Structure formats: structure tokens, C-alpha cells
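1. could you work out the structure for the sequence below:
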Amino acid sequence: MPKKNDIQVQESEDELKKLMPKQKSNSNKNKVKMLLLLKQGKVTYSRDLIPRLKVCRRTIYHWLRSYDEGGLKELLAIRKRGGIPPLITEQTKKAIAAMLADPKTTITSYVELLAWVHKNHQSNISYQVLYKHCRKHHNSRLKVSRKSHHKKDKDAERTFKEEKLPSKLSEIKSSTAKNKFDSVNLYFQDESRFGLMPKQKRVLVSKGVKPIGKYQHSYQSFWLWGCFSPITGNSFYWETSSVSNDIFEGFLNDLSKQNPKELKILIIDNAGFHATKNMTIPENIAFIRIPPYTPELNPAEKVWQWMKERVAMKFFEDLESLKKKITEMITELKSELIKSITGYELYTKAFLSEFSV
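-> Residues are numbered from 1 along each chain as shown. Model (predicted):
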């Protein structure tokens with residue numbers, strides 16, 4: 001036979017009714033409601049509280065015992081939850097965040113990150129805990145690093161952006177005779193090699209499938225030269241079997257014949273075969289050289305990247321089939337797409353501040 005509840009509620013009904021709406025948590029509201037039901041005599045046994053409060057028998061037992069031992073203050077006291085300590089300490093979390101936020105990191109996998117954490121911070125973290133933490137809190141993912149030459153001079157790069165580029169454009173404008181050219185345009189010039197050795201990259205497959213890429217070890221290749229305008233989207237291409245100073249001179253001569261009344265300002269790098277000391281430069285071509293070891297300042301690199309992404313994992317039997325594919329891609333490279341790829345504000349803003357289009 002169930003035992004009657006013998007706990008005496010010390011508070012009055014009015015006190016309990018006023019106290020109930022002041023409670024912030026549903027749990028404390030139920031605790032006050034329990035005392036009110038007992039005070040009103042609406043329940044005789046502890047088990048009768050279960051359907052009214054919608055809590056388990058064990059919870060009722062703990063609440064009644066807390067009130068019996070310490071009164072209302074003990075019953076309504078908010079205690080910190082127990083449980084196991086966090087698996088990753090705050091110090092380790094900060095170290096992981098700093099490592100993942102470092103653009104110069106050399107960590108290439110979660111396994112390598114785990115080894116670093118074990119060596120320098122915590123040795124009791126599992127791979128699963130680390131992986132879930134990185135994905136949830138940092139949205140981490142594996143990315144291919146952008147190349148940055150170790151000899152690159154950051155001061156020279158900053159000076160080029162802030163001083164040399166605007167100054168050079170202004171100099172070209174002031175040194176150009178009025179009415180000599182119908183228009184002025186800005187181009188990014190570069191060249192890239194395309195060959196029969198397939199470029200490997202990630203492909204999309206189902207879980208458990210090991211992808212296989214068709215491959216051949218062939219060094220047959222050709223060079224594609226190009227100029228791309230971020231202002232008008234105009235482009236110019238040249239195909240050669242190699243690169244040299246003489247070939248560069250021939251490229252410039254042919255480029256100058258395309259819209260000869262247009263002054264072409266070329267952004268070029270410092271490749272050895274771009275030397276112009278012993279070269280006759282067409283009068284409608286002017287140069288602005290980017291600092292050494294800064295290919296990222298030449299948006300023409302992005303055009304080659306766009307092309308090579310579309311021939312990656314593709315197999316070509318011979319150079320003719322590869323050249324056919326390149327021709328198709330050149331046809332796809334409409335002016336709007338070229339402007340989208342090469343339209344660096346650094347250049348377009350500086351150019352349009354000096355020349356009207």
C-alpha cells in the first residue's frame with residue numbers, strides 16, 4: 001500500500017500563488033505547483049503528482065527531499081549541471097582556431113592536425129572529436145594553397161599597387177601625343193604551356209569508390225600566348241612550339257596590327273624572354289611590369305586556370321585533339337567572361353581614373 005505524503009508545506013497558498021509566475025524556468029514553476037497542490041490537499045500520495053506535473057517518480061522524490069531538508073530556498077536553488085568535462089579545453093580550441101586561420105599553414109590533413117594537437121596541447125582527443133569540432137565551429141575544408149614565391153618582396157608589391165601603377169599610367173598618358181590614337185586599352189599579357197600529360201584532380205564518386213584517371217607520360221606540348229582586356233573584354237591569342245625573346249617580339253608585332261589605332265598598355269611579368277632591351281617595340285604598345293615573383297598580380301593567370309580546369313582529367317591522344325579543345329574554349333571566352341575573370345579593381349580603377357573609354 002503506498003505511503004501517504006507527510007511533508008508539511010510551510011508557505012501559505014497566497015504566497016505560493018504569487019511566487020509561481022515569478023519563476024523563470026518551467027522546472028521551478030512545477031516545484032512551486034507541487035507545493036501548492038500539497039498545501040491545498042489535492043494530492044495525498046507522491047505518485048499522484050506524476051500525472052499532474054508530468055515528471056517521473058524519481059524527480060518527485062528528489063524535489064520533496066530537497067524541500068524537507070532545506071525548505072523553499074533549497075528546492076528552488078539553481079545548480080550547475082554535472083556531467084563530464086569538455087573533451088577539448090579552451091586553450092586547445094584557441095590553438096586550433098589560430099592554426100586553421102593561418103593562410104601559411106602547412107597542415108595537409110586532419111590526421112596531421114591531430115598529431116600536432118597531441119604533441120603540443122592535448123593527448124586525449126580522438127580523431128572523431130577533432131574532426132567534428134573543426135567542421136562545426138570553423139567550417140574547415142581542404143584547399144589547394146595559392147603559390148607565393150619565397151623571394152617575393154611585399155614592400156615592392158605594396159609600392160606597385162599604391163604608387164608605381166598609378167604613376168606609370170599617368171606617365172603613359174602624358175607622354176602620348178594627342179590625336180595619335182583613337183583609343184586606349186589595358187591588357188594583361190602572359191603565356192602558358194599545354195601538354196598531353198593529364199592534370200589530375202578530385203572527381204565526384206560514391207563513397208567507397210576509388211576513382212581511376214586515364215594517364216599518359218608524355219612531354220609533347222605547345223605554348224599559348226594571350227592578351228586579355230579587363231576594360232573591353234578584347235583578347236588576342238598566339239600559338240608557338242616554344243618561348244624566346246624573338247617569339248615575344250613577333251607576338252608584339254602581330255598584336256600591334258590588331259586595331260592599330262589603339263594604344264595598348266600591357267601588364268607583363270619579368271620572364272627572361274620578356275626583355276625588351278634589344279627589341280623594336282611597336283609604337284602603339286606600352287609596358288607596365290609587375291614586381292618579380294608576383295604572378296598573382298597578373299590576372300591573365302586566371303584565364304589559363306579557367307582553361308586548364310576544363311581539360312583536367314581529360315585524355316587527349318595527340319596535340320591536334322588538344323588544340324581542337326583549346327580552340328573550343330577560346331570560342332567560349334566571350335568578352336563579358338574575360339572581363340569577369342580579369343576585372344581586378346586594382347587595375348580597372350587606376351586605368352579609368354586616367355583614361356576615358
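2. give me the number of residues near the nearest residue to T89 once chain neighbours are set aside?
-> Among residues not flanking T89 along the chain, Q122 sits closest, at 6.4 Å (C-beta to C-beta, 6 or more residues apart in numbering). (Glycine included, C-beta is placed from N, CA and C.) Neighbour count of Q122, defined by other C-beta atoms under 10 Å: 17.
3. give the contact list for Q122.
-> Neighbouring residues of Q122 by C-beta atoms under 8 Å, 6 or more residues apart in numbering: I88, T89, T92.
4. what about the strands in this protein?
-> 183-195, 221-228, 235-240, 262-268, 285-289 (DSSP state E).
5. poorly predicted segments of the stretch 1-150 of the chain, please.
-> 1-4, 78-84 (pLDDT under 70).
6. how is this protein divided into domains?
-> Using automatic domain parsing, the domain parsing of the chain gives 13-76, 90-138, 154-352.
7. just put these in CSV and tack on distance to R146.
-> Output for the domains of the chain, formatted as CSV (distance: least, C-beta to C-beta, whole Å):
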stretch, distance to R146
domain 13-76, 52
domain 90-138, 9
domain 154-352, 7
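8. looking at those domains, which is nearest to V144?
-> domain 154-352 (8.9 Å; C-beta to C-beta).
9. how long is that closest one end to end?
-> End-to-end span of domain 154-352 (C-alpha to C-alpha, to the nearest Å): 26 Å.
10. repeat for stretch 235-249
-> So stretch 235-249: terminal residues 18 Å apart, C-alpha to C-alpha.
11. show me where the stretch 51-200 of the chain has its helices.
-> Assigned helices in the stretch 51-200 of the chain, in chain order: 57-76, 90-100, 110-120, 127-138, 154-159, 165-175 (criterion: DSSP state H, counting those that start in this stretch).
12. which of those sits closest to A312?
-> Per C-beta to C-beta, nearest to A312 of the helices of the stretch 51-200 of the chain: helix 110-120, 25.1 Å.
13. now the closest one against helix 90-100, angle please.
-> 130 degrees (axes from the mean of the first three to the mean of the last three C-alpha atoms, to 10 degrees).
14. quick one: helix 110-120 to helix 127-138, angle?
-> Angle, helix 110-120 to helix 127-138, by the same axes, to 10 degrees: 100 degrees.
15. residues of helix 110-120 that come out buried?
-> Y110, L113, L114, W116, V117 (16 or more other C-beta atoms under 10 Å).
16. residues contacting the second one?
-> For L113, the contacting residues are I96, M99, I107, L130, C134, by C-beta under 8 Å, 6+ apart.
17. which residues are contacting stretch 312-325?
-> 194-196, 198-201, 203, 213-216, 220-222, 239, 310-311.
18. hmm, back to that, possible to save the contacts of Q122 as TSV with distance to T327 and neighbour count?
-> Below are the contacts of Q122 laid out as TSV (distance: C-beta to C-beta, whole Å; neighbours: other C-beta atoms under 10 Å):
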residue	distance to T327	neighbour count
I88	54	18
T89	59	14
T92	54	18
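19. tell me the one among these nearest to R158.
-> Distance to R158, by C-beta to C-beta, is smallest for T92 among those, at 35.8 Å.
20. wait, doesn't that closest one sit right on V117?
-> Yes: counting by C-beta atoms under 8 Å, V117 is a contact partner of T92 at 6.4 Å.
21. what do the two both touch?
-> I125.
22. so how far is N253 from T327?
-> Separation of T327 from N253 (C-beta to C-beta, to the nearest Å): 23 Å.
23. helices along the stretch 201-350 of the chain, start to end?
-> 245-257, 300-311, 319-332, 335-342, 345-352.
24. nearest to P292 among those would be which one?
-> Checking those against P292 by C-beta to C-beta gives helix 300-311 as the closest, at 15.1 Å.
25. give the buried residues for that closest one.
-> A300, E301, K302, V303, W304, W306, M307, V311.
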